[in-house]
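>>> okay, here's the prediction I keep looking at, along with the sequence it came from:
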Amino acid sequence: MPIFKKYRFLLIFAFGLYASVFSQSKIITVCATCEVKSIKDGVALAQDGDTIFIKKGTYKEHLITINKSVHIIGEDKPVLDGENNTESIFTVKATNFSISGLHFINVGMSYTKEIAGIFVSKSENFELKNNIFDHVFYAFIIQSSSYGVLKNNQIKGESKNETSSGNGVHMWKCDHMRIEQNNISGMRDGIYLEFVNKSHIYNNTSEHNIRYGLHFMFSNHNEYYQNEFKSNGAGVAVMFSKFIEMHHNTFHFNWGSASYGLLLKEIYDANIHDNVFEQNTIGINIDGCSRIDYQKNHFIRNGWALKFTGGCYVNTFEFNNFMHNAFDLSYNSRLNDNKFEANYWSEYNGYDIDKNGIGDVPFRPVKLFSYVVNNTPETLVLLRSLFVDIINFSEKVSPVFTPDNLKDNKPLMNPIDPIKD
């Protein structure tokens with residue numbers, strides 16, 4: 001058989017098989033006046049490939065178990081009321097399924113078990129999109145799963161403290177996940193990931209959460225981009241992970257005595273670029289991180305733009321804007337193995353005789369007073385005093401407490417271009 005005829009035969013066979021399966025699938029409609037009145041009954045009647053269409057109304061159900069490839073679609077956001085029961089509303093262990101267009105309320109709270117609007121485990125190839133969650137303990141819990149999409153969900157909690165609240169999106173031991181275009185507020189952590197690899201977190205807004213807008217640990221080869229993290233208790237925490245891309249995100253208005261835009265702890269081999277850190281107590285708090293490239297980030301009106309609190313080696317800071325921060329850099333060691341070059345510093349008062357856009361004298365970003373404040377926080381009240389100006393000038397002329405080689409030898413005279421997507 002000629003090869004093109006062979007492949008044509010296979011295509012025809014595959015298409016026929018798909019058409020046969022599709023033609024056998026059915027739509028099961030659920031409503032108060034329908035033959036099927038509960039979602040549980042609809043799921044029980046369904047076969048692989050079927051669609052369960054839920055009409056507008058309120059359904060007081062929980063522990064709806066899905067173990068088949070079905071598609072659940074809500075019309076005009078039907079309400080699923082968990083009545084604060086200590087069971088998840090949906091528990092799913094399946095492949096090729098989707099849940100969309102539903103409004104979840106009153107998901108119960110427990111101190112001994114994880115309860116969610118949608119609890120997914122050991123599943124593949126699924127979509128959870130266009131859902132609304134109000135007054136929930138956890139919105140999503142996803143574990144031991146892969147190739148899932150969480151998209152365009154609205155999650156709003158009423159958390160009062162960390163111990164009695166859950167996370168908006170909670171993932172454990174997953175891979176190849178996509179978390180996109182979700183709005184999350186009022187939870188403990190907006191997004192929490194642990195042992196989640198090769199995934200993308202894109203265009204989400206996570207704000208006014210009690211602890212972190214985003215919190216991930218032991219999660220490698222991931223990309224986080226075009227997200228907004230705003231007014232969270234302690235900002236964003238990234239811990240014990242490697243091979244990370246974080247770009248075109250905005251971290252702002254994360255204020256508090258122990259708050260920051262971004263906390264990095266033991267992070268290796270990462271790229272952090274084209275982000276905005278604006279009006280945070282600390283823009284980036286860096287602890288024990290190595291081999292990270294920071295480029296084209298904008299640090300604007302933070303308390304500290306960068307704060308090093310542990311051994312950090314072979315990091316590069318190039319083409320970043322440091323604009324109107326109280327302290328551009330806090331450094332806790334006299335040793336420096338990091339490169340600062342070709343950044344813009346609004347505090348730089350040097351000159352450019354040859355008009356090449358690069359300052360003719362180096363800039364030392366570490367002020368002696370930031371060293372003093374690290375050791376005696378109460379001295380911060382002296383920040384704008386003449387005494388502080390004098391000691392900062394003396395340290396700039398003859399460094400004693402700060403690293404002698406921590407300087408930008410090519411400071412830019414003008415800010416770098418604004419962020420471009």
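In hand now; what should we look at? Computed from a prediction, not measured in an experiment: that's the story for all the values here.
>>> in this structure Ala32 contacts Ile54, no?
No - proximity of Ala32 to Ile54 does not meet the contact threshold set by C-beta atoms under 8 Å, at 11.0 Å. Every residue, glycine included, has its C-beta placed from N, CA and C.
>>> next one: the regular element (helix or strand) spanning Met246 to chain centre, how far?
Element membership for Met246 (DSSP states H and E) is strand 244-247. Averaged C-alpha coordinates place strand 244-247 at 10 Å from its chain's average position (C-alpha atoms, centre = their mean, to the nearest Å).
>>> what of stretch 35-55?
35 Å.
>>> could you verify that Asp41 is part of a helix?
Yes - judged by DSSP: H, G, I helix; E, B strand; the rest coil, Asp41 forms part of a helix.
>>> which pLDDT value does the model give it?
Looking at Asp41, its pLDDT stands at 97.
>>> re earlier: more neighbours, Ala32 and Ile54?
Ile54 (26 against 11; other C-beta atoms under 10 Å).
>>> can you name the residues in contact with stretch 405-420?
248, 274-276, 296, 298, 319-321, 323, 329, 331, 336, 338, 340-345, 348, 350, 352, 357-359, 362-366 (C-beta atoms under 8 Å, 6 or more residues apart in numbering).
>>> give me the low-pLDDT residue ranges for the protein?
1-23, 334, 368-403, 418-421 (pLDDT under 70).
>>> and Ile52, what does it touch?
Taking C-beta under 8 Å, 6+ apart, one finds 27-28, 30, 39, 42-43, 46, 70-73 in contact with Ile52.
>>> and these, which is closest to Ala139?
Closest approach between the contacts of Ile52 and Ala139, by C-beta to C-beta: Ile72, at 15.9 Å.
>>> what about the closest one, how many neighbours?
Ile72: 26 neighbours (other C-beta under 10 Å).
>>> bridging residues for it?
Using DSSP bridges, the bridge partners assigned to Ile72 are Ile52, Ile99.
>>> from Phe363, how far out is it?
Applying C-beta to C-beta, to the nearest Å, the value for Ile72 to Phe363 is 59 Å.
>>> report the strands that pair with the strand holding Met246, each with its relative direction.
By DSSP bridges, strand 244-247 pairs with strand 222-225 (parallel), strand 262-273 (parallel).
>>> any of the contacts of Ile52 buried? List them.
Neighbour-count burial (16 or more other C-beta atoms under 10 Å) applied to these gives 28, 30, 39, 42-43, 46, 70-73.
>>> as TSV, those with distance to Cys174 would be great.
TSV is the format used below for those (distance: C-beta to C-beta, whole Å):
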residue	distance to Cys174
Ile28	29
Val30	30
Ile39	26
Gly42	28
Val43	24
Ala46	25
Val70	21
His71	21
Ile72	21
Ile73	24
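>>> just give the closest residue to Ile105, not the sequence neighbours.
Distances taken as C-beta to C-beta, 6 or more residues apart in numbering put Asp134 closest to Ile105, at 4.9 Å, once the chain neighbours are dropped.
>>> next one: Gly49
Ser25 (3.8 Å).
>>> any idea how far Thr163 is from the one you found?
45 Å.
>>> comparing the two, which shows the higher neighbour count?
Set side by side, Ser25 and Thr163 show more neighbours around Ser25, with 15 against 8, by other C-beta under 10 Å.
>>> residues in contact with the more buried one?
Contacts of Ser25 (C-beta under 8 Å, 6+ apart): 47, 49-51.
>>> equivalent analysis for Tyr212, please.
Counting by C-beta under 8 Å, 6+ apart, Tyr212 has contacts 189-190, 192, 232-237.
>>> does the residue nearest to Ile105 really touch Gly117, like I thought?
No - at 9.6 Å, Asp134 and Gly117 do not qualify as touching, with contact defined as C-beta under 8 Å.
>>> brilliant, that's me finished.
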